[in-house]
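Trainee: need the 3D shape of this:
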Amino acid sequence: MKKKQIKKGRKPKEKPLVYRHVFRLNAEENAQFLAQYDISELLTKAEFIRAILFEKEIKVLKVDKSTHDFYIKLTAFYSQFRAIGVNYNQVVKALHTNFTKKRAQFLLLKLEKHTVALIAILEKITDLIRKFEEQWLRK
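Mentor: Numbering: from 1, shown residues only. The predicted structure is shown next:
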């Protein structure tokens with residue numbers, strides 16, 4: 001009887017990376033290479049070089065803190081503005097059900113003045129968004 005041979009060690013890779021290429025960079029080129037490598041967020045420099053050589057997609061994200069803060073504040077403000085719209089509908093309904101016709105009309109006129117002020121604020125917000133998009137799309 002033949003004994004079954006036990007294989008030990010690491011399983012061989014399907015496509016082993018055995019070919020090695022060496023290149024040298026000066027100080028400026030090395031600094032530029034390392035900066036781009038850091039931005040790419042790839043795990044190894046070898047992956048980064050292969051991605052560049054074979055024109056694979058490389059994702060480079062630059063986060064501007066002030067832009068991010070502006071976006072967060074604008075989003076929060078927009079959600080507050082939507083909440084005001086919901087409250088506006090509830091107030092109008094409450095005015096018609098809980099007050100006399102004359103008193104409701106008086107309060108609706110006051111509410112209308114505040115609504116005009118809100119519309120002016122909304123126009124300013126829209127202008128800020130347009131300016132932000134124009135500046136962002138240029139980059």
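Trainee: which element is the residue sitting nearest the centre point of the chain on?
Mentor: Geometric centre of the chain, nearest residue: H68, 7.7 Å, by Cα atoms, centre = their mean. Element membership for H68 (DSSP states H and E) is helix 65-98.
Trainee: I125 too?
Mentor: helix 101-138.
Trainee: can you list the domains in this protein?
Mentor: 17-61, 65-138 (automatic domain parsing).
Trainee: can you give me the offset of the shortest one from its chain's centre?
Mentor: The reference is to domain 17-61. 25 Å (Cα atoms, centre = their mean, to the nearest Å).
Trainee: for stretch 73-92, same thing?
Mentor: 23 Å.
Trainee: please apply the same query to stretch 96-109.
Mentor: Counting by Cα atoms, centre = their mean, stretch 96-109 comes out at 45 Å from the chain centroid.
Trainee: run through who's touching it.
Mentor: 92, 95 (Cβ atoms under 8 Å, 6 or more residues apart in numbering). Heads up, the C-betas are built off the backbone N, CA and C, glycines and all.
Trainee: let me see the mean pLDDT of it.
Mentor: Across stretch 96-109, the average pLDDT comes to 88.
Trainee: what's the answer for stretch 10-28, then?
Mentor: Stretch 10-28 comes out at a mean pLDDT of 88.
Trainee: hang on, L122 packs against Q80?
Mentor: No. At 11.8 Å, L122 does not count as touching Q80 under the criterion of Cβ atoms under 8 Å.
Trainee: what about the two, which has more around it?
Mentor: L122 (12 against 9; other Cβ atoms under 10 Å).
Trainee: so what pLDDT did the residue nearest to that one when sequence neighbours are not counted get?
Mentor: In space, and not counting its chain neighbours, L122 is closest to F81: 7.0 Å by Cβ to Cβ, 6 or more residues apart in numbering. F81 is assigned a predicted lDDT (pLDDT) of 77.
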